[in-house]
Each structure stands twice: as structure tokens, then as C-alpha cells.
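Enquirer: task: produce atomic coordinates for the following.
(one chain, ligands or ions: 1)
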Amino acid sequence: MSLDLVGLGIRHPDGNALIDDLNLSVAPGTVTTLTGPSGVGKSTLLNAVGGHLEAGFRLRGRVVLNGRDITDLPAERRDIGVMFQQAVMFPHLSVADNLAFGLSPKLRGRGARKAAVAKALDLAGLAGLGDRDPATLSGGQRARVALMRTMLARPRAVLLDEPFSALDPERRHEIREFVMATIRRSGIPALLVTHDRQDADAAGGPVIALT
Ligand SMILES: Nc1ncnc2c1ncn2[C@@H]1O[C@H](COP(=O)(O)OP(=O)(O)OP(=O)(O)O)[C@@H](O)[C@H]1O
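Expert: Numbering: from 1, shown residues only. Below is the predicted model:
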């Protein structure tokens, strides 16, 4: 699976060009990093790829996923996973149920769904913690649950918007490695927005500096 941005341009509601003629190809299982000063349009670009561009922003160019033009598809039909700085959990659901919420509807059968959640807990190093209330997890554990929930939906691409910046330095390193390994193993393309040089190094792919 690959993600291609072809001649992408984004215009701010006030008329200013945020992104101008961006051409970018993200290979399967790789992470391309987007950097640049605050306000340059990094998050807006991810919104455009995910289909969440806010009203008033104008888009030019094409977003192509796996050879298919998805520019005009609504977000829910793009199968693109997102992960933000704050790992949002449903507080009234257990860790396992939070994970189950991410499961692709294509995966049918109670047993198969339970097994998929158990495997995700295991991969996240959280085996045995499925019954816990998410509020009792550490920030790092919550970040891993959030990532697994994103991946359980079997996305065709992932968008990561500063997903590590709320983590302390030690956790940050561990989660970063975990996220990159998961993306490589899944063979899907990813875009990472970060201000952190080490994040970009760990991502291993091209770094695009937006100006
Ligand atoms: N809903 C909105 N309506 C109007 N302007 C917005 C909206 N959301 C963002 N902007 C503006 O669009 C521009 C790009 O914002 P964006 O969040 O994409 O930047 P960014 O590069 O991700 O910044 P940061 O690194 O600070 O997160 C900024 O000038 C911002 O103020």
C-alpha cells in the first residue's frame, strides 16, 4: 500500500496559501516526517489526507491511496487511522473494550474479535490488563492502547500528529520504537508530524520541511 499526494495545495479560509503544490509519495511500511514552524499547516495537511479538512479550507490536487483517488471520499470511507498527542480513551469502558471499539467491522465472530483484542494487548505489552479502567494506566500504556486501537481497524494508512509529545523522554523512546515497528510490520504508509529530531530519526524515512 502506498500513499501519494499529487500537486496538493491548501488555502486558508482567509485566502492565504498554506501548502502549495506538494508532491509526495510514501512507500508501504515507511514513515515520512513533516516538520516546519508552528502554523505552517502540518496538522491541516493531515486533516486533508484523512478527509477532516475544516469548512472554509480549500483543497487542490489529489490524495491517492494504493492507486485509488480518495480525494473526494468522506473520512469514514478512507480507512485511514489517526493518532494524536493525547491518547483519547472511553473512560466508561475497560481497556479491552476500548480496543474492541477499534476493531474492523469486517472481522466477524465473537471468538475472533476476542482473540484479536487479546493479541493486541499482548503486542502492546499489556497482557492481563484488559479488565483495567483506562484511567489506571500510565501515560505510556495509554499511548500503546491508543496505537493498537488505531491498528486494529486495519487502516490502509496512518496519520500521526505529534503522538509522542505528551510522553516523558524514556517512555517516548519506547513508544516510538513500538509505533515504528508496528507500521513496518503492517506494511502501510504513514505520515508523522513532529518538531522532534529524534522522532524523525526513529521514523527512518524522508523528512519534508514545510515552509
Ligand atoms: N479551524 C480553523 N479555522 C481557521 N484557521 C485555522 C483553523 N485551524 C487552523 N487554522 C490556522 O491554519 C494555519 C495552519 O494550522 P495548523 O494547525 O495546520 O499548523 P501546524 O503547522 O500544524 O502548527 P503546530 O505546529 O503549531 O501544530 C494556522 O495559521 C492556524 O491558525
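Enquirer: CA only for contacts and neighbour counts going forward, please
Expert: Will do.
Enquirer: tell me the residues of this structure that contact the ligand?
Expert: 37-44, 54 (CA under 6 Å from any ligand atom).
Enquirer: rerun that using 5 Å as the cut-off
Expert: 38-44 (CA under 5 Å from any ligand atom).
Enquirer: where does the closest residue to residue 56 other than its chain neighbours sit: helix, strand or coil?
Expert: Nearest non-adjacent residue to residue 56, counting by CA to CA, 6 or more residues apart in numbering: residue 13, 4.8 Å away. Following DSSP: H, G, I helix; E, B strand; the rest coil, the label given to residue 13 is coil.
Enquirer: who touches stretch 65-73?
Expert: In this structure, residues lying in contact with stretch 65-73 by CA atoms under 8 Å, 6 or more residues apart in numbering are 1-4, 49, 51, 62-64, 78, 156.
Enquirer: report how many residues lie close to the residue nearest to residue 56.
Expert: Using other CA atoms under 10 Å, residue 13 has 12 other residues around it.
Enquirer: tell me the pLDDT at it?
Expert: Residue 13 is assigned 95 on the pLDDT scale.
Enquirer: next: residue 137.
Expert: 92.
Enquirer: contacting residues for it?
Expert: Neighbours of residue 137 in contact, by CA under 8 Å, 6+ apart: none.
Enquirer: and it, its phi and psi?
Expert: phi -90, psi 160 (degrees, to the nearest 10).
Enquirer: how close does it sit to the ligand?
Expert: 27 Å (CA to the nearest ligand atom, to the nearest Å).
Enquirer: and what of residue 181?
Expert: Taken as CA to the nearest ligand atom, the span from residue 181 to the ligand is 25 Å.
Enquirer: residue 52 against residue 76, yeah?
Expert: No. Using CA atoms under 8 Å as the test, residue 52 is too far from residue 76 to be in contact (9.8 Å).
Enquirer: the more surrounded of these two?
Expert: Neighbours per residue, other CA under 10 Å: of residue 52 and residue 76, the larger number sits with residue 52, 14 against 10.
Enquirer: not counting sequence-adjacent ones, nearest residue to the more buried one?
Expert: Spatial nearest neighbour of residue 52, chain neighbours left out: residue 75 (6.4 Å); criterion: CA to CA, 6+ apart.
Enquirer: before we move on, what about residue 130?
Expert: Excluding the flanking residues, the one nearest residue 130 by CA to CA, 6+ apart is residue 96, at 4.4 Å.
Enquirer: cool, residue 153 as well?
Expert: Using CA to CA, 6+ apart, the closest residue to residue 153 is residue 104 (4.3 Å).
Enquirer: please, where are all the strands along the protein?
Expert: 3-11, 17-26, 31-35, 58-65, 68-69, 80-83, 157-161, 190-193, 204-209 (DSSP state E).
Enquirer: dump those into JSON lines; add distance to residue 129 as well.
Expert: As requested, these are arranged in JSON lines below (distance: least, CA to CA, whole Å):
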{"stretch": "strand 3-11", "distance to residue 129": "35"}
{"stretch": "strand 17-26", "distance to residue 129": "35"}
{"stretch": "strand 31-35", "distance to residue 129": "30"}
{"stretch": "strand 58-65", "distance to residue 129": "35"}
{"stretch": "strand 68-69", "distance to residue 129": "39"}
{"stretch": "strand 80-83", "distance to residue 129": "22"}
{"stretch": "strand 157-161", "distance to residue 129": "25"}
{"stretch": "strand 190-193", "distance to residue 129": "28"}
{"stretch": "strand 204-209", "distance to residue 129": "32"}
